[in-house]
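> model this:
(chains A and B)
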Amino acid sequence: MIETRGLRKSFTSRQGRDKKVVEAVRSVDLDVAEGEIFGFLGPNGAGKTTTLRMLATLIVPDGGTATIAGADLRGDPAQVRRRIGYVAQGGSTWDDSTAREELVLQARLYGVHKKDALARADRVLTAFQLSEYGDRKCKTYSGGQRRRVDIALGIIHEPKVVFLDEPTSGLDPQSRAHMWDEIRRLRDEGMTVFITTHYLDEADALCDRISIMDYGEIVASGTPAELKREISGDVVRVGLPIESVAAAAEILDAAPFVSKLETQDDNVRLYVEEGATAIPLILRALDAASVPLSSIELNRPSLDDVFLTKTGRSLREN
Amino acid sequence: MKLLRDISLIFDRQLKLLLRNPVWILVGVFQPVMYLLLFAPLLKPALQVQTNAEAYEIFVPGLLVLLAIFGGLFQGFGLIAELRAGIIERSRVTPVSRVALLLGRSLRDVVSLISQAIIITLLALLFDLRVYLGYLLLAYLMLALISLMTSAVSYGVALAVKSEDVLAPLMNTVAQPVLLLSGILLPLSFAPRWLQLVADWNPFSWAVNGTRALFRGDLGADAVWQGLLIMAVLAVLAVTWASRLFARSVR
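Residues are numbered from 1 along each chain as shown, chains lettered A, B, ... in the order given. So this is what the prediction gives:
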């Protein structure tokens, strides 16, 4: 449904006389299948939104190719626009308009006739459980309601692909869960959904497949389960007083049962074959060297561990 | 046909939103009425004319051009609010014509300016102003062209700078010399020679002369067709430029 090869974009930022070229996206290859929820996971500034905006025809790529729903992005952007929906992170509703007015206008901008547009607005308001508020001004909506209107606006013309930029950012847990259900419903209706997110749990629970992006590049792709499987064994996180981190890292790095070690501000993460047998050994080693520890926990690898092994940084820190 | 349909969709939305806030119409009429009541009485002695009607014949066309210029130049603020709310981006992912995104908005501005002009003309009739209907309509055409041009310029600049803090001083800086060099408040026939020469380079000064000729009932004056032509050409240029910005603007 979406195929990109070598897609790239750089921006020139000017500070006084200095020109700085920022490579926001460097050579992105993507293959998104029809009817899946595909996620772009990465920290803020990784180039997710820039990629999305290129695919949505809002900015022109510097290079590379992309085909979206059978239309060529650079050769025929007008055709791409007809086949996709795009929902920006910042929202897209006008305070003084009602959801129904916005929906009808949006459908009509896609060439839908007035009668049909009214019927569609009705249908979408019901589907997104907004009927009750449909004729109130957007400024009276809660954050979650507003976000649902945004998504409804993005799919009113029944696109094949919909791009959602950080669809749940800033929502409370309940609205988030609700939004996940809406997104799954879109997929179940046959739409291909492409989201960006910096939430690990969202990428893990919602997305069928993900690509992890960092500094404008894709560093890993696959289903969340596949990616986590690449990291064999368990992850033991040892919390330490900051001044002891270096000492602990030195001791544990030398231990034969530790296959990989990452240090962070106040903890070290150890990748080990078997957590249950490793923990007593860790405690003994630290105790022998009189290094105090503040906590110890055993985890199955998470997407954060995937991100950490690929980039050397934790996504949680962002 | 798609273009006309797109223009009318955008126009309808913008007009509906404008009418939802009728306070703007009151504000838009209040200031010019203050000029009519508090400034115009000074004109009869100042212009050394015999009657109030003559003074209004000179002052009202200038006032209307003033409204068209200023009303247009400050429309960009609304667009920046729309940019911020994501409305423009939402429109730009649809197949809607980029020219329509501009013209739908600018034509709304033209309609609101002409309604303002009609109210002011009617009030001026109470002060003994007399003008032929046909000539008045031509004068409104001039105002429409001015307002189309200035609002397109303002939208273009708004898309380019994307910030109220830049737009406000920029528009004020443009508007002030334009105002002083157009003979809007007092005719430039009072001006020294050098000032008249400078004013000849101000297109709005031609528009003011043309509009005054129409209010005077002098359809044959060269100023009429010259003013209309200059404003039409500038309006086309401004619309073309601003539409291009709608097509490629980022965020």
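> C-alpha only now, for contacts and for neighbours.
OK.
> which residues touch residue B:161?
residue B:167 (Cα atoms under 8 Å, 6 or more residues apart in numbering or on different chains).
> in terms of helix, strand or coil, where does whichever residue of the stretch 1-150 of chain A sits closest to chain B fall?
Proximity of the stretch 1-150 of chain A to chain B (Cα to the nearest Cα) peaks at residue A:92, 4.3 Å away. Secondary structure, DSSP: H, G, I helix; E, B strand; the rest coil: residue A:92 is coil.
> so what's it closest to, chain neighbours aside?
Nearest in space to residue A:92, with sequence neighbours left out and distances taken as Cα to Cα, 6 or more residues apart in numbering or on different chains, is residue B:86 at 4.3 Å.
> quick check: the residue of the stretch 1-150 of chain A closest to chain B touching residue A:150?
Yes: using Cα atoms under 8 Å, residue A:92 makes contact with residue A:150 at a distance of 6.0 Å.
> and the host helix or strand of residue B:238, what's buried?
Per DSSP states H and E, residue B:238 falls inside helix B:222-248. Buried residues in helix B:222-248, counted by 16 or more other Cα atoms under 10 Å in any protein chain shown: B:223-232, B:234-235, B:238-240, B:242-243, B:245-246.
> and for stretch A:191-202?
Under the neighbour-count criterion of 16+ other Cα under 10 Å, stretch A:191-202 has A:191, A:192, A:193, A:194, A:195, A:196, A:197, A:198, A:199, A:200, A:202 buried.
> of these, just say which sits nearest to residue A:71.
The closest of those to residue A:71 turns out to be residue A:192 (Cα to Cα; 14.9 Å).
> hang on, the earlier thing: how near is the residue nearest to residue A:92 to residue A:103?
As judged by Cα to Cα, to the nearest Å, residue B:86 and residue A:103 stand 14 Å apart.
> the more surrounded of the two?
More crowded of residue B:86 and residue A:103, by other Cα atoms under 10 Å in any protein chain shown: residue A:103, with 28 against 21.
> OK, contacts around the more buried one?
A:117, A:121, A:152, A:153, A:156.
> as TSV, these with pLDDT and distance to residue A:309 would be great.
Formatted as TSV, the contacts of residue A:103 follow (pLDDT from 0 to 100; distance: Cα to Cα, whole Å):
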residue	pLDDT	distance to residue A:309
A:117	94	49
A:121	94	46
A:152	92	38
A:153	93	38
A:156	92	41
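> would you point out the most distant pair within the residues you listed?
Farthest pair in the contacts of residue A:103 (Cα to Cα) is A:117 and A:152. Separation: 12.8 Å.
> now do the contacts for the spatially most central residue of chain A.
Nearest to the mean C-alpha position of chain A, counting by Cα atoms, centre = their mean, stands residue A:197 at 2.1 Å. By Cα under 8 Å, 6+ apart, the contact set of residue A:197 is A:39, A:40, A:41, A:42, A:165, A:166, A:167, A:169, A:203.
> now the buried members of those residues.
Among the contacts of residue A:197, the ones that count as buried by 16+ other Cα under 10 Å are A:39, A:40, A:41, A:42, A:165, A:166, A:167, A:203.
> show me the shaky parts of the stretch 151-251 of chain B.
Applying pLDDT under 70 to the stretch 151-251 of chain B flags the ranges B:249-251.
> what sits up against the top helix by length along chain A?
Counting residues, the longest helix in chain A under DSSP state H turns out to be helix A:173-188. Outside helix A:173-188, the residues that touch it by Cα under 8 Å, 6+ apart are A:35, A:36, A:37, A:128, A:144, A:148, A:167, A:168, A:192, A:193, A:206.
> ok, 7 Å please
Residues outside helix A:173-188 that contact it (Cα atoms under 7 Å, 6 or more residues apart in numbering or on different chains) are A:35, A:36, A:37, A:144, A:168, A:193, A:206.
> from those residues, which ones fall inside strands?
A:37, A:193 (DSSP state E).
> narrow the contacts of helix A:173-188 to just the buried residues.
Buried residues within those, counting neighbours by 16+ other Cα under 10 Å: A:35, A:36, A:37, A:144, A:168, A:193, A:206.
> please tabulate these in CSV, including the columns pLDDT and distance to chain B.
Output for the buried ones among the contacts of helix A:173-188, formatted as CSV (pLDDT from 0 to 100; distance: Cα to the nearest Cα, whole Å):
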residue, pLDDT, distance to chain B
A:35, 91, 21
A:36, 93, 22
A:37, 93, 21
A:144, 85, 16
A:168, 89, 17
A:193, 94, 16
A:206, 89, 25
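> quick check: the farthest pair among the residues you listed?
Going by Cα to Cα, the pair spanning the buried ones among the contacts of helix A:173-188 furthest: A:35 and A:144, at 24.8 Å.
> and the most centrally placed residue in chain B, what element?
In chain B, the centroid-proximal residue (Cα atoms, centre = their mean) is residue B:68; its distance is 1.9 Å. For residue B:68, the host element (DSSP H and E) is helix B:52-73.
> so residue A:263 sits in a strand?
Yes: counting by three-state DSSP, residue A:263 is part of a strand.
> chain A contacts on the stretch 51-200 of chain B?
Contact residues (Cα under 7 Å from any Cα of the partner chain) of the stretch 51-200 of chain B with chain A: B:85, B:86, B:87, B:90, B:93, B:94, B:95, B:96.
> quote the end-to-end distance of stretch A:51-65.
Length of stretch A:51-65, first residue to last, Cα to Cα: 12 Å.
> which residue ranges of the chain form helices?
If you meant another chain, say so; for now it's chain A. Assigned by DSSP H, the helices in chain A fall at A:48-55, A:77-83, A:99-109, A:114-127, A:143-155, A:173-188, A:200-206, A:224-230, A:245-254, A:275-288, A:303-311.
> that's the other chain; I wanted chain B
B:2-20, B:23-34, B:43-47, B:52-73, B:76-85, B:87-92, B:98-126, B:133-161, B:164-180, B:193-199, B:203-216, B:222-248.
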